[in-house]
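Undergrad: Quick one, what's the 3D model for this:
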Amino acid sequence: MIRLRRVAPGMPGRPTRRPAAVALTAAGAGLAHALPAATVLRSVRLRLFPTLSGVGRADRVALTFDDGPDPESTPRFVEVLAAHRVRATFFLLGSMVARAPEVAGDLVAAGHEVAVHGWEHTNLLRRDPISTYRDLSRATDLIASVGGQPPRFYRPPYGVLTGPALLATRRLGLTPVLWTCWGRDWTRDATPASVLATLRSGLGGGGTVLLHDSDCTSAPGAWRAALGALPRLLAECADGGWRVGPLGEHGRPGRATP
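TA: You can find the predicted model right below:
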């Protein structure tokens with residue numbers, strides 16, 4: 001009588017996943033995690049993902065600020081915006097809100113829109129799905145408590161999206177939005193003139209502008225370059241016939257003017 005021997009997993013005679021198959025599976029998981037990060041490329045994003053880029057109605061420009069609130073710098077931006085009767089969207093870091101909740105409250109009181117930039121300013125490619133969700137959820141809860149209502153928008157640090165981040169935003173009811181132009185205002189050698197010149201290269205109706213109202217992740221004092229450029233930026237938008245405001249009023253996506 002022939003006895004059939006049960007073969008334990010991993011023993012000779014049992015079909016196992018080949019190393020190449022394991023490697024392909026791991027690579028696929030890595031792509032699912034990292035592939036959305038390709039949207040950080042402006043040319044790719046504008047062509048394929050206008051909504052993610054923040055493209056809206058052609059007669060408007062959405063003005064957004066990242067990395068606050070900062071008790072030293074953010075109130076100065078609020079003053080300039082108030083002088084021009086302009087409201088904006090501030091993408092807040094939860095860690096910064098925890099340090100200066102009164103500044104975040106002042107943004108809301110002034111009529112500005114507050115949105116989520118995460119809890120810590122960490123590249124999401126370095127986070128696993130669980131820590132990604134915890135980071136976004138923690139920041140969203142705190143910002144909702146300050147704003148009095150759930151925030152609508154999310155912008156990832158460095159503009160780098162991942163698969164887990166997209167899943168987290170869906171669970172939290174957040175809409176990811178990046179930008180159509182920025183001022184490179186975070187560098188040590190940035191000046192109001194350099195910020196404005198960089199913005200002009202992509203500024204147009206329907207666009208979303210990215211500036212920073214804090215230097216918590218930038219060169220010390222870099223926010224002064226953005227602040228100095230802000231009045232001229234608002235004047236040029238007015239000259240172009242574009243109404244400047246927060247993302248919540250940006251309207252349905254359309255094609256940005258050159």
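Undergrad: In the protein, where is pLDDT below threshold?
TA: Low-confidence segments of the chain, defined by pLDDT under 70, are located at 1-49, 252-258.
Undergrad: longest helix of it?
TA: The longest helix of the chain (DSSP state H) is helix 129-147.
Undergrad: chain center to the following helix or strand past it: distance?
TA: Per DSSP states H and E, helix 129-147 leads on to strand 153-154 as the next helix or strand towards the C-terminus. Here the centre of mass of C-alpha atoms in strand 153-154, compared against the chain's by CA atoms, centre = their mean, to the nearest Å, lies 7 Å away.
Undergrad: and the next element down the chain from strand 153-154?
TA: Along the chain past strand 153-154, the next helix or strand (assigned with DSSP H and E) turns out to be helix 163-172.
Undergrad: Tell me the helix or strand right after that following helix.
TA: Proceeding N to C from helix 163-172, the next assigned helix or strand is strand 175-176, under DSSP H and E.
Undergrad: Summarise which helices and strands that following strand is packed against.
TA: strand 153-154, helix 163-172 (3 or more CB pairs under 8 Å, 6 or more residues apart in numbering; DSSP states H and E). Any C-beta I mention is one placed from the backbone N, CA and C, and that applies to glycine too.
Undergrad: how big is the angle separating the longest one from helix 129-147?
TA: This means helix 163-172. Inter-element angle recorded for helix 163-172 and helix 129-147: 40 degrees (by axes from the mean of the first three to the mean of the last three CA atoms, to 10 degrees).
Undergrad: Would you mark the buried spots in helix 163-172?
TA: Gly163, Pro164, Ala165, Leu166, Ala168, Thr169, Leu172 (16 or more other CB atoms under 10 Å).
Undergrad: Tell me who's in contact with the second one.
TA: Applying CB atoms under 8 Å, 6 or more residues apart in numbering, we find Pro164 in contact with His33, Leu124, Arg127, Asp128, Pro129, Thr132, Tyr133.
Undergrad: Select from those the one having the most neighbours.
TA: Using other CB atoms under 10 Å as the neighbour test, the contacts of Pro164 are led by Leu124, with 26 neighbours.
Undergrad: Could you pick out the longest strand of the chain?
TA: Across the chain, the strand with the greatest residue count (assigned by DSSP state E) is strand 60-68.
Undergrad: ok so, going back, and which of the buried residues of helix 163-172 is nearest Leu234?
TA: Sorting the buried residues of helix 163-172 by how near they are to Leu234, with CB to CB, puts Thr169 at the top with 29.9 Å.
Undergrad: that older thread, and the contacts of Pro164 as CSV, adding distance to Pro75?
TA: Formatted as CSV, those follow (distance: CB to CB, whole Å):
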residue, distance to Pro75
His33, 38
Leu124, 30
Arg127, 32
Asp128, 37
Pro129, 37
Thr132, 31
Tyr133, 32
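Undergrad: which one among those residues gets closest to Ser73?
TA: Of all these, the one sitting nearest Ser73 is Leu124; the distance, using CB to CB, is 25.2 Å.
Undergrad: Relative to His117, how far out is the nearest residue to that closest one once chain neighbours are set aside?
TA: Of all residues beyond its chain neighbours, the one nearest Leu124 is Thr162 (4.6 Å), with distances taken as CB to CB, 6 or more residues apart in numbering. Between Thr162 and His117 the distance is 15 Å, computed by CB to CB, to the nearest Å.
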